[in-house]
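Visitor: give me the fold of what follows.
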Amino acid sequence: MKNFINNIPKAELHLHIEGSFEPELMFKIAQRNGIKLKYNSVEDLKKEYSFNNLQEFLDIYYEGAGVLINEQDFYDLTWAYLEKAHEQNIVHTEIFFDPQTHTERGIEFSTVINGIHKALEAGKTKLGISSKIIMCFLRHLDESEAIKTLEQALPYKDIIVAVGLDSSEVGHPPNKFERVFEKAIRKGFLTVAHAGEEGPTEYIWNSMKLLKVARIDHGIRAIEDDELMKQLATTQMPLTVCPLSNLKLKAVKKMEDLPLKVFLEKDILATVNSDDPAFFGGYINENFQAAADALALTKEDIAKLAENSFRASFLDSETKRARVNEVKEYYEKNK
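Guide: Okay, the predicted model is just below:
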């Protein structure tokens with residue numbers, strides 16, 4: 001099963017590039033930029049990676065992001081993820097970035113997007129990984145801040161495919177951002193949103209109704225609402241599930257509680273992703289493996305999840321078909 005998971009072609013659709021910031025690279029870039037971290041060593045920092053909730057994780061996440069200053073920093077961060085993705089046979093990735101985390105610190109929007117984009121372009125030519133960029137709004141900030149960020153993104157519309165919504169979910173419902181999402185759609189962006197990780201099922205419904213999302217990020221609490229489960233299956237609204245993240249942030253008490261297998265049984269378009277892999281103990285293959293071990297997933301289940309990753313992507317329909325066929329061929333040869 002491990003080899004099957006490692007070698008199957010797959011797409012990753014829920015990956016925060018700042019959340020792929022490994023401690024070793026964090027210290028290296030901090031030193032390069034003359035920034036003193038409050039941790040004395042990589043080991044000290046890793047000891048802090050025991051979280052009781054989303055907010056505890058975000059506090060460390062934002063501190064780490066604070067060492068990213070120059071375009072080269074964002075390039076190096078993105079390239080490090082792409083190398084890992086290549087090792088794990090990710091052939092397409094759609095990455096999130098949080099411009100407000102950086103512009104709030106006085107970093108130019110252009111510095112962030114150019115560093116990320118150049119690395120992704122290099123990933124395409126050198127590693128054969130196709131990619132899309134999704135810009136997220138931080139939901140703990142006001143919508144007026146999100147609108148400013150959207151304006152900053154307009155000159156880069158050709159390289160940013162969608163806008164998303166992340167950060168602290170509870171207390172920041174989707175309707176808080178209805179106007180900025182409406183404006184983003186008018187400007188030609190696709191939309192996605194984190195919903196139903198810690199927040200209630202109502203946040204999933206409202207993300208679909210009010211934000212008109214093409215995908216729900218996380219969405220695991222959909223299991224609590226039968227009507228919602230039927231709606232997700234009927235509309236084939238994708239869910240980007242992140243097993244290790246859900247476990248580490250206590251969204252589920254144990255991996256066996258993750259509703260991933262149920263989603264598959266109910267014909268919901270669920271996918272597996274790593275979210276913030278540097279902090280949660282695993283990249284995409286480790287997430288597949290953890291879910292497979294806990295939920296007794298079969299090779300057929302793994303292949304279905306890999307197919308779903310391309311079906312749920314923002315690739316064009318012809319490329320989607322080709323990638324899905326690659327997964328089917330791989331399964332037939334290795335089942």
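Visitor: so where does the residue lying closest to residue 6 once chain neighbours are set aside fall, helix or strand?
Guide: Leaving aside its chain neighbours, residue 6 sits nearest to residue 285 (5.5 Å; criterion: Cβ to Cβ, 6 or more residues apart in numbering). Where you see a C-beta, it was placed from the backbone N, CA and C, and this is true even at glycine. In this structure, residue 285 sits in helix 284-295 according to DSSP states H and E.
Visitor: what does that helix rub up against?
Guide: Around helix 284-295, the neighbours that count as contacts under Cβ atoms under 8 Å, 6 or more residues apart in numbering are 1-2, 5-6, 10, 12, 85, 88-90, 242-244, 247, 254-256, 258, 260-261, 272-274, 277, 282, 297, 301-302, 305.
Visitor: which among those count as buried?
Guide: 5, 10, 12, 85, 88-90, 242-244, 247, 255, 258, 260-261, 272-274, 277, 282, 297, 301-302, 305 (16 or more other Cβ atoms under 10 Å).
Visitor: which parts of the next helix or strand after the helix holding residue 285 are buried?
Guide: Per DSSP H and E, the first helix or strand lying C-terminal to helix 284-295 is helix 299-311. Using 16+ other Cβ under 10 Å as the test for burial, helix 299-311 gives 301-311.
Visitor: Throw those into CSV and include distance to residue 322, thanks.
Guide: Below are these laid out as CSV (distance: Cβ to Cβ, whole Å):
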residue, distance to residue 322
301, 22
302, 20
303, 16
304, 18
305, 18
306, 14
307, 12
308, 16
309, 14
310, 9
311, 12
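Visitor: and of those, the nearest to residue 18?
Guide: residue 309 (21.6 Å; Cβ to Cβ).
Visitor: thinking that closest one is in contact with residue 8, fair?
Guide: No - judged on Cβ atoms under 8 Å, residue 309 makes no contact with residue 8 at a distance of 9.8 Å.
Visitor: okay, and the common contacts of these two?
Guide: In terms of Cβ under 8 Å, 6+ apart, residue 309 and residue 8 are not both contacted by any residue.
Visitor: residue 136 should be in a strand, yeah?
Guide: Yes - using DSSP: H, G, I helix; E, B strand; the rest coil, the assignment for residue 136 is a strand.
Visitor: who are the contact partners of it?
Guide: By Cβ under 8 Å, 6+ apart, the neighbours of residue 136 are 16, 96-98, 163-167.
Visitor: at 10 Å instead, please
Guide: Each residue near residue 136 by Cβ atoms under 10 Å, 6 or more residues apart in numbering is listed here: 16, 18, 96-101, 146, 149, 162-167, 192-194, 217.
Visitor: out of those, which are buried?
Guide: Looks like those have 16, 18, 96-101, 146, 149, 162-167, 192-194, 217 buried, using 16+ other Cβ under 10 Å.
Visitor: quick one, strands of the protein?
Guide: With DSSP state E as the criterion, the chain has strands at 10-16, 90-97, 130-138, 162-166, 190-195, 215-218, 239-241, 270-272.
Visitor: partners of the fourth one in the sheet?
Guide: Within its sheet, and counting by DSSP bridges, strand 162-166 is paired with strand 130-138 (parallel), strand 190-195 (parallel).
Visitor: looking at it, residue 174 is touching residue 206, isn't it?
Guide: Yes - here residue 174 reaches residue 206: they are 4.2 Å apart, a contact under Cβ atoms under 10 Å.
Visitor: overlap in contacts, those two.
Guide: 193, 195, 199, 213.
Visitor: need the per-residue pLDDT for residue 264.
Guide: On pLDDT, residue 264 comes in at 98.
Visitor: check the one 10 residues further on too.
Guide: The predicted local distance difference test score for residue 274 is 98.
Visitor: which residues touch it?
Guide: Going by Cβ under 10 Å, 6+ apart, residue 274 touches 12, 14-16, 19-20, 81, 84-85, 88, 90, 242-245, 280-288.
Visitor: do residue 161 as well
Guide: Residue 161 sits next to 94, 131-135, 188-190, 192, 214, 314 when contact means Cβ under 10 Å, 6+ apart.
Visitor: how does it look with 8 Å?
Guide: Neighbours of residue 161 in contact, by Cβ under 8 Å, 6+ apart: 94, 132-134, 189-190, 314.
Visitor: quick one: it from residue 310, how far?
Guide: 15 Å (Cβ to Cβ, to the nearest Å).
Visitor: what of residue 256?
Guide: 27 Å.
Visitor: for this protein, what are the low-confidence residue spans?
Guide: Residues of the chain meeting the criterion pLDDT under 70: none.
Visitor: try it again at 90.
Guide: Regions of the chain meeting the criterion pLDDT under 90 cover residues 38-40, 47-48, 50-64, 167-170.
Visitor: which ones are touching the residue nearest the centre of it?
Guide: Closest residue to the average C-alpha location of the chain: residue 14 at 2.0 Å, with Cα atoms, centre = their mean. By Cβ under 8 Å, 6+ apart, the contact set of residue 14 is 96, 217-218, 240-242, 271, 273-275.
Visitor: could I get those residues as CSV with distance to residue 139?
Guide: Formatted as CSV, the contacts of residue 14 follow (distance: Cβ to Cβ, whole Å):
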residue, distance to residue 139
96, 13
217, 12
218, 13
240, 17
241, 20
242, 17
271, 22
273, 19
274, 21
275, 16
